[in-house]
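# when you get a sec, could you give me coordinates for this:
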Amino acid sequence: MKIRFVSIMAMALVMLWGVPAAWALYVWDVEIPPSEYGHQDQNDANIKYGSTACVPTSVVNSFAYLETQYGVTDLFDGNMTTTINKLGQRMNLDANGVSRADFALGVKSWLGDHGDGEVFMTGKDPAGAGGLTTGIPDWWYIYDLLDKGYDVEAGFVWTNGNGGHCVAVTGLLFDDTNDNGILDAGEYADLGFMDPWNGVELTGTLAVDANGYLRLTYSGGGAGNGGTGIITTVVAEIPEPLTLFTLAMGGWALLRKKK
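Numbering: from 1, shown residues only. So this is what the prediction gives:
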């Protein structure tokens, strides 16, 4: 069970200067420095099917975080572009991209042969694609994974019908002003991520649609001048020996921020 952290400083601000209680108590903020991730551009000439290689590129950019944060070795097979191409093969990447099932199965297969055999994978998808947990990933699911130190990739479908995209998530900020733990209609959250299209650090806006799906709206990277994607699939990885520890500590040991 997640215990909300209320700092003495926040309480003092409320009592002494009248800072709104909602600000002091109900802001959920977790961020992993984007500098710890790879910044590989999927359009690199050395990447096969580069224009549709967002999934393997995002996963490999996340692997850089696992290597930096935890010292995991053997996640890469050659340099970044070579690793992306080899992972793309396991995901059956082609000119149409990667299916949700192959996204999950490809990561699982790769981790079976790399990462010193110590990296654990989890994730969620509405149809349980590739053996993932069945369900719609909500803001709390993503936040909780980040807070526990996982690297997180989110796949989504563009609302304009032009296929989909995948990014490596680096942070989430949600000001839950009514403190009900739900991203309600009319409420918004900020999602930080590494977009593999041009390999750029971006921030987008999260909202929930009538069907309970998160909608990510942003500009730049794969969204060009602006676009909205419906998040369907979340895949996350962490070194297995750390899993129980981070669950018990609720991410505290990793120095994530929660106000």
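# residues of stretch 35-55 that come out buried?
With burial defined by 16 or more other CB atoms under 10 Å, the residues of stretch 35-55 counted as buried are 36-42, 47, 49-50, 52-55. For glycine as for every other residue, the C-beta is placed from the backbone atoms N, C-alpha and C.
# Three-state assignment for the closest residue to residue 76 other than its chain neighbours, please.
Nearest residue to residue 76, sequence neighbours excluded (CB to CB, 6 or more residues apart in numbering): residue 83, at 4.7 Å. Under DSSP: H, G, I helix; E, B strand; the rest coil, the three-state class of residue 83 is helix.
# return the set of buried residues in the helix ranked longest in the chain.
Criterion DSSP state H: the longest helix present in the chain is helix 54-70. For helix 54-70, the neighbour count (16+ other CB under 10 Å) marks 54-67, 69-70 as buried.
# need the max-distance pair from those.
Within the buried residues of helix 54-70, 54 and 70 form the most distant pair, 24.4 Å apart (CB to CB).
# does residue 125 really touch residue 102, like I thought?
No. In this structure, residue 125 is not within contact of residue 102 by CB atoms under 8 Å, at 11.9 Å.
# more crowded one of the two?
Neighbours were counted for residue 125 and for residue 102 using other CB atoms under 10 Å; residue 125 has more, 23 against 19.
# for the more buried one, what are phi and psi?
Here is the backbone geometry of residue 125 (degrees, to the nearest 10): phi -150, psi 140.
# per-residue pLDDT of it, please?
Note on residue 125: pLDDT of 98.
# for residue 240, same thing?
What the model reports as pLDDT for residue 240 is 79.
# tally of neighbours for it?
Residue 240 has 15 neighbours, counted by other CB under 10 Å.
# please report how far it lies from residue 43.
Applying CB to CB, to the nearest Å, the value for residue 240 to residue 43 is 34 Å.
# with residue 121 instead?
According to CB to CB, residue 121 stands 27 Å off from residue 43.
# now do residue 125
Per CB to CB, residue 125 is found 27 Å from residue 43.
# before we move on, what about residue 200?
Distance of residue 200 to residue 43, given as CB to CB: 12 Å.
# cool, and residue 232?
Distance from residue 232 to residue 43, counting by CB to CB: 23 Å.
# next one: residue 162
Noted for residue 162: a distance of 16 Å to residue 43, by CB to CB.
# quick one, what contacts the nearest residue to residue 219 once chain neighbours are set aside?
Nearest non-adjacent residue to residue 219, counting by CB to CB, 6+ apart: residue 226, 4.5 Å away. By CB atoms under 8 Å, 6 or more residues apart in numbering, the contact list for residue 226 reads 217-219.
# and residue 48, by the same measure?
Residue 48 is in contact with 85, 88, 93, counting by CB under 8 Å, 6+ apart.
# go ahead and confirm the second one touches residue 56.
Yes. The pair residue 88 / residue 56 is scored as a contact, 4.2 Å apart, by CB under 8 Å.
# related to what we said a few turns ago, who wins on neighbours among the contacts of residue 48?
Highest count within the contacts of residue 48 by other CB under 10 Å belongs to residue 88, 27 neighbours.
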